[in-house]
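**Q** Can you look at this prediction? I've put the sequence above it.
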Amino acid sequence: MPVFVEDPAQFSKPRLKSELIAHNVTLPAVESKKQVYVELYLKHIVQKSAADFSSDEEDDDVVEVQDSQDFEEEKDPKMLDPSVLTDDELKTTLLKYGVEAGPIVATTRSIYERKLQRLLKPAQPWQNGGTGDADQYSDSEGDEESVSQGSPETVSLMEENLHVDMRVLPQSVSLRGGCDVDSSLSSKSFSITQMVEEFESRIPLSSSGPEIKRGNNRSSNQGPCPRPYWQEAATVDKYTMTNRSLFITPKTSLFKRQIKEPVTDVLMEMFPETEPTPTGIAATRRRPIKGAAGRPVQFKYPDLPASPMTLQRWAVEHRLVPLWVQILVFFIVACLLYLIYAAMEDSLANPFVTLLDNLSMETETEGLSLQAEP
Amino acid sequence: MSSTSQKHKEFVAEPMGEKPVNALAGIGEVLGRRLEEKGFDKAYVVLGQFLVLKKDEELFRDWLKDSCGANVKQQGDCYGCLREWCDSFL
């Protein structure tokens, strides 16, 4: 592994550590100063590079090349097989890939090993895909340089741009027809403004196209490679934006703003729960209106911390409805008891008996009057 | 339509204390039993694992899938539940 930066003192300590590990150098004590690492680095790694470069004869070159190849061969299987690495080595290897790993414990080790394997695998196929897309773009960029020469060429270039974008979006067929109509117009300024309008109407479609692609890809491939898809779609967006910016310069800021706004809306509509990915797409969420358009009710939670109290209140309130029934029943029972008590006591018997007699007499008179009438 | 379940809301509303691992959103009987067999018998043990993985979503989902065979929805529910609990109480 050729080292082009010659000043190891500029490296950070973990970087020095990882480099030492990569070159199979035993690490010094953990608390040792950076200088110790630097010295070890200079001693072993510079020695190795000196050995590589000091040879003049071809035989020596061949020998050195073979040595370096053997060294790399020793390194590669260790790199590709995470299970052989120690905890520290695994952690430093993950750090090389930009993954800040937590403590590697018994339970987390297998997870981190799998993550490293996943990082090692897609590194190659994605590079091939990226270069293929770059080739397509570079062809049209070569055509683009002729745009600055004249306006009729801009129309043809637009058609080519649309043609290129059609590889990404199958939606722009109708707009392509619209642009053909524009090209048939005589005055230059009129056609340019029409083209601008067409672009403005096209932007939401073009931004939503890769967004939908992005969304579908994300939903289908959850864990393994969300990043490459994001980057691919992002590069497509960048390409279409830079194309337009070259010959319609005053409108670029508008375009960029319009492209950015639909991005956040579509994303949030499709995935309201997910957090922004570490690829740098920062979408700050506006607080959604409670219950509007079936939005998720994440902001209803501030109510819940008071739930123990509300639960108690609810439990108390729950009894208030049958409370009246309870009071009514209580009164009925009280009256019955009073009547029974009254029936038992002799002192109260007289008025009670007279009452009963009056009642019975009234009923008798009523009964007699009823019998008399018909 | 709420995107979080009743179980989620109940778990997030108060400190978990000694709640069993079944109390976590996304973890039902079967998954709970599998986790208990692995030694994760209480919700706070799963919380410990979540924190050791630095609250990283991808890693935690992988761990869940690996240890109890949770599907994508269950992983998401459990992760969201623990994350919100941490936001409130940690």
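**A** Okay, I see it.
**Q** drop to CA atoms for contacts and neighbour counts, all remaining ones
**A** Will do.
**Q** Please report phi then psi for the most centrally placed residue in chain B.
**A** Against the mean C-alpha coordinate of chain B, by C-alpha atoms, centre = their mean, the closest residue is residue B:78 at 3.7 Å. Here is the backbone geometry of residue B:78 (degrees, to the nearest 10): phi -70, psi -40.
**Q** what does the model give it for pLDDT?
**A** We have a pLDDT of 94 for residue B:78.
**Q** what does residue A:330 give?
**A** With respect to pLDDT, residue A:330 has a value of 96.
**Q** and the gap between it and chain B?
**A** Remark: distance between residue A:330 and chain B (C-alpha to the nearest C-alpha, to the nearest Å) = 38 Å.
**Q** The residue nearest to the centre of chain B against residue B:24, yeah?
**A** Yes. Taking contacts as C-alpha atoms under 8 Å, residue B:78 lies within contact range of residue B:24: 6.2 Å.
**Q** thinking again about what came up before, list the contacts for the residue nearest to the centre of chain B?
**A** Going by C-alpha atoms under 8 Å, 6 or more residues apart in numbering or on different chains, residue B:78 touches B:24, B:25, B:26, B:27.
**Q** Packing partners of the helix or strand that residue A:39 is a member of?
**A** Residue A:39 is part of helix A:34-41 when elements are defined by DSSP states H and E. In terms of contacts (3 or more C-alpha pairs under 8 Å, 6 or more residues apart in numbering or on different chains; DSSP states H and E), helix A:34-41 is packed against helix A:13-22.
**Q** and the helix it packs on, average pLDDT?
**A** Here the average pLDDT along helix A:13-22 is 79.
**Q** same deal with stretch A:82-90?
**A** Averaging pLDDT along stretch A:82-90 yields 83.
**Q** Would you mind confirming that residue B:74 makes contact with residue B:30?
**A** No. Here residue B:74 lies out of contact with residue B:30, judged by C-alpha under 8 Å, at a distance of 12.0 Å.
**Q** So which of these two has more stuff around it?
**A** Neighbour count, other C-alpha atoms under 10 Å in any protein chain shown: between residue B:74 and residue B:30, residue B:74 has more, with 19 against 13.
**Q** State the distance from the more buried one to chain A.
**A** In terms of C-alpha to the nearest C-alpha, residue B:74 sits 14 Å off from chain A.
**Q** For that residue, which residues are in contact?
**A** B:25, B:26, B:27.
**Q** Are any of these buried, and if so which?
**A** Buried by 16 or more other C-alpha atoms under 10 Å in any protein chain shown: B:25, B:26, B:27, out of these.
**Q** Specify the local secondary structure of whichever residue of the stretch 1-150 of chain A sits closest to chain B.
**A** Residue of the stretch 1-150 of chain A nearest chain B, by C-alpha to the nearest C-alpha: residue A:102 (5.8 Å). With DSSP: H, G, I helix; E, B strand; the rest coil as the basis, residue A:102 sits in coil.
**Q** distance of it from residue A:112?
**A** Distance, residue A:102 to residue A:112, by C-alpha to C-alpha, to the nearest Å: 9 Å.
**Q** okay, now the residue of the stretch 1-150 of chain A closest to chain B: neighbour count?
**A** Neighbours of residue A:102 under the rule other C-alpha under 10 Å: 16.
**Q** Equivalent analysis for residue A:122, please.
**A** Residues near residue A:122, counting by other C-alpha under 10 Å, number 13.
**Q** repeat for residue A:326
**A** Residue A:326 has 13 neighbouring residues, counting by other C-alpha under 10 Å.
**Q** which secondary structure elements does the helix or strand harbouring it contact?
**A** Using DSSP H and E, residue A:326 maps to helix A:307-344. For helix A:307-344, the packing partners by 3+ C-alpha pairs under 8 Å, 6+ apart come out as helix A:349-372.
**Q** average model confidence for the helix it packs on?
**A** 67.
**Q** next one: stretch B:60-68
**A** When pLDDT is averaged over stretch B:60-68, the result is 93.
**Q** Off-centre distance for that stretch?
**A** When C-alpha coordinates are averaged (C-alpha atoms, centre = their mean, to the nearest Å), stretch B:60-68 and its chain have centres 10 Å apart.
**Q** Can you mark which positions in that stretch are buried?
**A** Residues of stretch B:60-68 classed as buried: B:60, B:61, B:62, B:63, B:64, B:67, B:68 (neighbour count, 16+ other C-alpha under 10 Å).
**Q** where do the helices sit along chain B?
**A** With DSSP state H, the ranges of helices along chain B come out as B:6-12, B:29-37, B:43-52, B:57-68, B:72-89.
**Q** That's all I had, so thanks and see you.
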